[in-house]
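Enquirer: Sequence and predicted structure, then a few things I'm wondering about:
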Amino acid sequence: MTRRRIIIVDDHPLFRAALRQTLAGGDATVSVEEAGDLSTLSAALDADRDCDLVLLDLNMPGVRGFSGLLLLRAQYPDIPVMIISAVEDGTVVRRAFELGAAGYLHKSVGPTEIRRAIETVLSGEVFVPAGTTLGGEDDHTALMKRLSTLTPQQVRVLMMLSDGLMNKQIAYELSISEATVKAHVSAILQKLDVDSRTQAVIAASRIEEGQFEALFSTSGDKV
C-alpha cells in the first residue's frame, strides 16, 4: 500500500486539525502532518523530502503575500504546493499559479470539494477553483516569472529588504558576510530587471493587481 504524505501549513491549529480530519479520516493511505509556520515545515522536509503535497496558507506570521510560496518553490521545486486560503480574489489566484502553485483551494469549500481538489493535484493535474478564469498573460506575468527565478536565499534577502533591513542587518540575520549580501542583492536586481534596491522592494511588496505601475518609476539607489 502506497502512503501519500501531505503537510498542512497554517497558523490556526483548529483549522489544521479540521483539515487533517477531512483528509486522513478513515484513509490509511494518507499520512497528514501539520506545521504552524514555514520554519517547522522546512525542518520536516529537510528531515524527509519524500512529500506528495504541501497545503499552504498565504497569510501567516512572517509571511507576506506570496513570499512563502516563492520560498517553497525555490527551495523544494519537486514538491507540489497547493494554496488553501480565505482569499478568493481571482487576481490573487492567478498570481499564485504564475508562481508555480499546483492548485488553489478556497477555505470556504466543503469536505467533498477539498478531497476532490487534493486528489486532482496528487494525480499530477492542476486544480483551479470553480468559476475562476486564469486567462492569458498580462503585463505583470513577466515580473511574476522573474520573481520565480530567485533562489531560496535570494527570496530571504528580498523579503528582508522589504522589511527595511540594511546589508549589515541581513548579514547578521542570515549568518553570512555583507559581501555575500551585496552579491545576492546584485543578483536579485539582475533577475528582476530593475536598477535599484527600492525597485526590487516594490516588486516584492506589490505583486497584486494594480500595484505594478510604480515599479519602473522609482529613482535608483545603491546596492
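Expert: Yep, that arrived. Numbers count the residues shown, from 1 in each chain.
Enquirer: Tell me the secondary structure at the most centrally placed residue in the chain.
Expert: Most central residue of the chain, judged by C-alpha distance to the mean C-alpha position with C-alpha atoms, centre = their mean, is residue 69 at 0.7 Å. Three-state secondary structure (criterion: DSSP: H, G, I helix; E, B strand; the rest coil) places residue 69 in helix.
Enquirer: and this protein, what are its domains?
Expert: Here the domain assignment for the chain is 4-122, 141-205, based on automatic domain parsing.
Enquirer: what sits against residue 117?
Expert: When contacts are counted by C-beta atoms under 8 Å, 6 or more residues apart in numbering, residue 117 is found next to 82, 103, 105, 109, 127. (Each C-beta comes from the backbone N, C-alpha and C, glycine too.)
Enquirer: can you do 10 Å?
Expert: With contacts taken as C-beta atoms under 10 Å, 6 or more residues apart in numbering, residue 117 has the following neighbours: 55, 82, 84, 103, 104, 105, 106, 109, 127, 128, 129.
Enquirer: Which pLDDT does the model give the residue nearest to the centre of the chain?
Expert: Listed pLDDT for residue 69 reads 90.
Enquirer: I'd assumed residue 55 was in contact with it.
Expert: No - counting by C-beta atoms under 10 Å, residue 69 stays clear of residue 55, with 11.7 Å between them.
Enquirer: Can you check which residues contact both of the two?
Expert: Overlap of the contact sets of residue 69 and residue 55 (by C-beta under 10 Å, 6+ apart) consists of 81, 83.
Enquirer: about what we covered before: the domains of the chain: which one's closest to residue 134?
Expert: Using C-beta to C-beta as the measure, domain 4-122 is the one of those that comes nearest residue 134, at 5.3 Å.
Enquirer: among the contacts of residue 117, which two are most distant?
Expert: 55 and 128 (15.9 Å).
Enquirer: where does the chain have low pLDDT?
Expert: When residues are selected by pLDDT under 70, those of the chain lie in 1, 26, 64, 135-139, 205-223.
Enquirer: Apply 50 and report the result again.
Expert: Along the chain, the model assigns pLDDT under 50 to residues 208-222.
Enquirer: In stretch 150-157, which of the residues would be classed as buried?
Expert: By neighbour count with 16 or more other C-beta atoms under 10 Å, stretch 150-157 contains the buried residues 150, 153, 154, 155, 156, 157.
Enquirer: Kindly report the same for stretch 180-196.
Expert: For stretch 180-196, a neighbour-count test (16+ other C-beta under 10 Å) marks 180, 181, 182, 184, 185, 187, 188, 189, 191, 192, 194, 196 as buried.
Enquirer: Sitting in helices, which of the residues you listed do you find?
Expert: When those are checked against helices (DSSP state H), the matches are 180, 181, 182, 184, 185, 187, 188, 189, 191, 192.
Enquirer: what residues are up against the second one?
Expert: By C-beta under 10 Å, 6+ apart, the contact set of residue 181 is 153, 157, 160-161, 165-174, 223.
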